[in-house]
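Visitor: Turn this into a structure:
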Amino acid sequence: MQFGPRVSRFVPACVAPVALAAGWACAVPSDRPVLDENDLETVVVGQPADSILRPDEDVRERRAPASELGGRIPGAFPDGFPVPNASTVVDFGDVAPEEGEPVTAEYVGLRLPLGAPDAREWLLREAQAAGWRATLGESMTFHRGDEWVEVTIDPGATPGNSAARFEYAKP
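Guide: Numbers count the residues shown, from 1 in each chain. Below is the predicted model of the structure:
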């Protein structure tokens, strides 16, 4: 077995066209004239529009004070029932009745800016101060005259917050 003569004949046959193309590309003169720096045209441009700082023209964000309620509580929510400042409405709707029964209650879900134990304590204290009687259990039920509100408070998704569901009679 002789591999030498075949390999030696094959290598020059592959390399020769590549070498020829490289040599020809280097030998071809360029048709483009060489540019001189002084031949370039100079154009004067102004400052970009965003390079000048104009604070009085900037649009400024306006946030509601932290003490306000985020969202709108439905109209049937009992007047005078306390809700912690900086609470946010996250859900509301009708309480699902038994089959064939009319809808008699609504609910509103709030994110409260207090942890669950603090929210329960705050709500109990403030509701009683506003004239609501409390019945405690797994949920808290408040009564004032013919009105009632049932409140369930669960820990929130983040520390220092809680989720509350307020159910009340629909007029």
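
Visitor: Which stretches in the protein count as strands?
Guide: Ranges of strands in the chain, per DSSP state E, are 88-94, 105-112, 133-135, 140-144, 147-155, 162-169.

Visitor: Just put these in JSON lines and tack on distance to Phe77, mean neighbour count and mean pLDDT.
Guide: No exception for glycine: its C-beta is placed from N, CA and C like everyone else's. Listed next are the strands of the chain as JSON lines, based on distance: least, CB to CB, whole Å; neighbours: other CB atoms under 10 Å; pLDDT from 0 to 100:
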{"stretch": "strand 88-94", "distance to Phe77": "9", "mean neighbour count": "14", "mean pLDDT": "89"}
{"stretch": "strand 105-112", "distance to Phe77": "6", "mean neighbour count": "20", "mean pLDDT": "92"}
{"stretch": "strand 133-135", "distance to Phe77": "18", "mean neighbour count": "12", "mean pLDDT": "93"}
{"stretch": "strand 140-144", "distance to Phe77": "12", "mean neighbour count": "17", "mean pLDDT": "95"}
{"stretch": "strand 147-155", "distance to Phe77": "8", "mean neighbour count": "17", "mean pLDDT": "94"}
{"stretch": "strand 162-169", "distance to Phe77": "6", "mean neighbour count": "20", "mean pLDDT": "94"}
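
Visitor: residue ranges for the helices of this structure, please.
Guide: With DSSP state H, the ranges of helices along the chain come out as 4-27, 116-129.

Visitor: Identify the residues contacting the residue lying closest to Thr104 once chain neighbours are set aside.
Guide: Spatial nearest neighbour of Thr104, excluding adjacent residues (CB to CB, 6 or more residues apart in numbering): Lys170 at 5.8 Å. Contacts for Lys170 (CB atoms under 8 Å, 6 or more residues apart in numbering) come out as Ala76, Asp94, Val103, Thr104, Ala105, Glu106.

Visitor: Good, wrapping up.
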